[in-house]
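J.: predicted model follows, preceded by the sequence.
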Amino acid sequence: MKNKIKIFKKRSGEASVKTTDIKDIAKLIAARMVFGLFLISAVIIFIVSELVNLQMINYETTVTEATQNHLRASVQALSNLVSAEELDLFHTVEDKERPEYQEMREQLKNFAREYNVLYAYYWRYYGDSKLQYIIDNDTDPETQVGPEDIELIEEIAAFSALLGDVDVTDLGDYTPTWEGLLTAYAPVFDSDGNVYCVAGVDISDEFIFIQRSDAHNMKLLQMISIPLAVILAVINMMLYRKKTKQIEEAHIKLQYFNNNLRRAFSTYLSEDVVEEIVSDPTRLQLGGIKRHMTVLFTDVKNFSRIAEALAPEQLVDLLNYYLSSLSDVILNQKGTIDKYQGDAIVSFFGAPLELPDHALRACVSAVIMKRMEAEINNYVEENNLSPTPLLTRIGINSGDMVVGNMGTQKKMNYTIIANAVNLAARLEGLNKQYGTWVMASEATIMETKGLLLTRRLDRVRVVGINEPVRVHEVLEIKADASDTLREQVNRFHNALDLFEARSWKDAEAAFNHVLGITPNDKVSLLYIDRCRQYQKAPPLNDWDGVFNFSEK
């Protein structure tokens, strides 16, 4: 029995040792599993946190870009809200008592509400790197600014606006000590195209700093917990969406502004020109700017007789078709339709966008119009739109003109004014005297760089224009001209040289030589008649070769 008991104790001890070993192993395995799970959890937390952090950075970038776009579009709209002439009324504290000042402040208040900006204001350069405020939309008398407030200019964007550019303050450089504002500036031009003052808009930068603060906190809390990261991300997304919604609403209003701008100009500007203006509305300023451009006038021969023979609704159908056909040619060449005067079109090339080849585009438009004439008249005849064919006379001139929005804030017209414009109108009418269809001044022809086939005509003095000008008939694009037409022009120029040298008899023979190619050339017939008259009664020795015309 004793032996059995000893044996039992021994076996019980062995069993006890084995049980202890198993427990130790189990603890070790459990510890390793916990550590492993901790590592896996930590890695997951780190990955998720980094993904959330990356997403937040993307949110910040998106919000920053949207904010910059909103600021730029808002300040461009503000720069066109009032004119430099209106702002020039306010220079002193006493000017703030004028009713116009209060009316303008109301305009700025409405603008700020409509475009979702905190402050909208104007300031002018005061000298010595300082600015003088003109007016703002602030409703608090303690903080609102006016002509009595002069400050030092510190922002690069402000100096950029004084140079004529639209600029936004660098969001990346902002700190909370900058009074929590993000700013954009745009120039306001006067009627001469110079920067008169600067428009500015401010919005709160609070949402930008919250974005950055949250992103920084995420880095510190990456190893704490996934739920906290997700909660922060959700809060940040909600904040982002709220601000994005505000910006979207502002963009909808800006889009409405742009759509109105498109509608206002699409009837007399080509689509690509309209899009460039919408992208930068500062191109259009109330008032005019001086620019070298080309103007083109068209008119239908004997249109009054055509109109008398048609019922009003028939006349409308005819004009709609005819004006649409010719206007498309002008718009395709990036020209601008100024106005329609009955059957006449007034158009210009070189504004609102500058075109270095404006003279050539105007002349090419005229050539294409004359090429289309047979097709237009075939349609007119087939549809019984007119009792006689439509034959278009065209006058073209280049020179310095004033172009811009003329009129008032409530009613204005984008148009041109200059003596050069009047000359183009006179040249259109002068076609009647020569039997030509497209007449251009030498100023225009000189700018086409020899790409057109034209024939030189007289030096003329027309009604209302004292300075005589050399005129040319535009015939064809030189690369497309036939050999016959080229030969006709060469013979004509030889004959004109003899005419201007007062060799009347030789000139008559030379003009008859032109008729050998084109027997019905009305210009040559006109000069032949002159040669015969001058052979009988030569002009005085002091005759300067200028022909005066008293009819328009």
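T.: Cool, got the structure. Keep in mind that what you see is a predicted model, and the values were worked out from it rather than measured. Residues are numbered from 1 along each chain as shown.
J.: all helices for the stretch 401-550 of the chain, in order.
T.: Assigned by DSSP state H, counting those that start in this stretch, the stretch 401-550 of the chain shows helices spanning 419-434, 442-446, 483-500, 504-515, 522-536.
J.: same for the second one, what does it pack against?
T.: In this case it means helix 442-446. Where contact means 3 or more C-beta pairs under 8 Å, 6 or more residues apart in numbering; DSSP states H and E, helix 442-446 is packed against helix 358-382, strand 392-407, strand 469-477. The C-beta positions use only the backbone N, C-alpha and C, and glycine is treated the same way.
J.: for Phe90, which of these is the nearest?
T.: The minimum distance between Phe90 and those falls on strand 392-407, with 21.8 Å, by C-beta to C-beta.
J.: put the alpha carbons of that closest one into CSV.
T.: The C-alpha coordinates for strand 392-407 follow below in CSV (Å, rounded to 0.1, in the frame of the first residue of the first chain):
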residue,chain,number,x,y,z
THR,A,392,-23.8,94.6,-101.3
ARG,A,393,-21.5,97.6,-101.2
ILE,A,394,-18.7,97.6,-98.5
GLY,A,395,-16.5,100.3,-97.0
ILE,A,396,-13.5,99.6,-94.8
ASN,A,397,-11.1,101.8,-92.9
SER,A,398,-8.4,101.4,-90.2
GLY,A,399,-7.3,103.9,-87.6
ASP,A,400,-7.5,105.0,-84.0
MET,A,401,-10.9,104.8,-82.4
VAL,A,402,-12.6,104.9,-79.0
VAL,A,403,-14.3,101.6,-78.3
GLY,A,404,-16.3,100.7,-75.2
ASN,A,405,-19.6,100.7,-73.4
MET,A,406,-21.2,104.1,-74.1
GLY,A,407,-24.2,105.4,-72.2
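J.: quick check: buried residues in it?
T.: Neighbour-count burial for strand 392-407, counted by 16 or more other C-beta atoms under 10 Å, picks out 392-399, 401-406.
J.: can you lay out the helices of the stretch 401-550 of the chain as CSV showing mean neighbour count?
T.: Conversion of the helices of the stretch 401-550 of the chain to CSV gives the following (neighbours: other C-beta atoms under 10 Å):
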stretch, mean neighbour count
helix 419-434, 21
helix 442-446, 20
helix 483-500, 17
helix 504-515, 19
helix 522-536, 16
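J.: in TSV: those helices, plus distance to Met372.
T.: Compiled in TSV, the helices of the stretch 401-550 of the chain are given as follows (distance: least, C-beta to C-beta, whole Å):
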stretch	distance to Met372
helix 419-434	18
helix 442-446	21
helix 483-500	18
helix 504-515	27
helix 522-536	22
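J.: tell me the contacts of Arg98?
T.: Residues in contact with Arg98 (C-beta atoms under 8 Å, 6 or more residues apart in numbering) are Leu89, Phe90.
J.: scratch that, Phe499
T.: Residues counted as contacts of Phe499 (C-beta under 8 Å, 6+ apart) are Ala507, Phe511, Tyr527, Arg530, Cys531.
J.: 7 Å - rerun?
T.: Phe499 makes contact with Ala507, Tyr527, Cys531, according to C-beta atoms under 7 Å, 6 or more residues apart in numbering.
J.: Glu103: which of the residues you listed is nearest?
T.: Nearest to Glu103, judged by C-beta to C-beta, of the contacts of Phe499 is Tyr527 at 63.9 Å.
J.: so what's the closest one closest to, chain neighbours aside?
T.: Counting by C-beta to C-beta, 6 or more residues apart in numbering, Phe511 is the residue found nearest to Tyr527 once chain neighbours are left out, at 4.9 Å.
J.: do the same with Glu148
T.: The shortest distance from Glu148 to any non-neighbouring residue, by C-beta to C-beta, 6+ apart, is to Val93 (4.8 Å).
J.: please apply the same query to Asn431.
T.: The shortest distance from Asn431 to any non-neighbouring residue, by C-beta to C-beta, 6+ apart, is to Arg393 (4.2 Å).
J.: tell me the confidence at that neighbour?
T.: With respect to pLDDT, Arg393 scores 98.
J.: ok, back up a step: distance to Ala73 and mean pLDDT added to the helices of the stretch 401-550 of the chain, as a markdown table?
T.: As requested, those are exported to a markdown table (distance: least, C-beta to C-beta, whole Å; pLDDT from 0 to 100):
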| stretch | distance to Ala73 | mean pLDDT |
| --- | --- | --- |
| helix 419-434 | 34 | 95 |
| helix 442-446 | 38 | 97 |
| helix 483-500 | 52 | 97 |
| helix 504-515 | 60 | 96 |
| helix 522-536 | 55 | 96 |
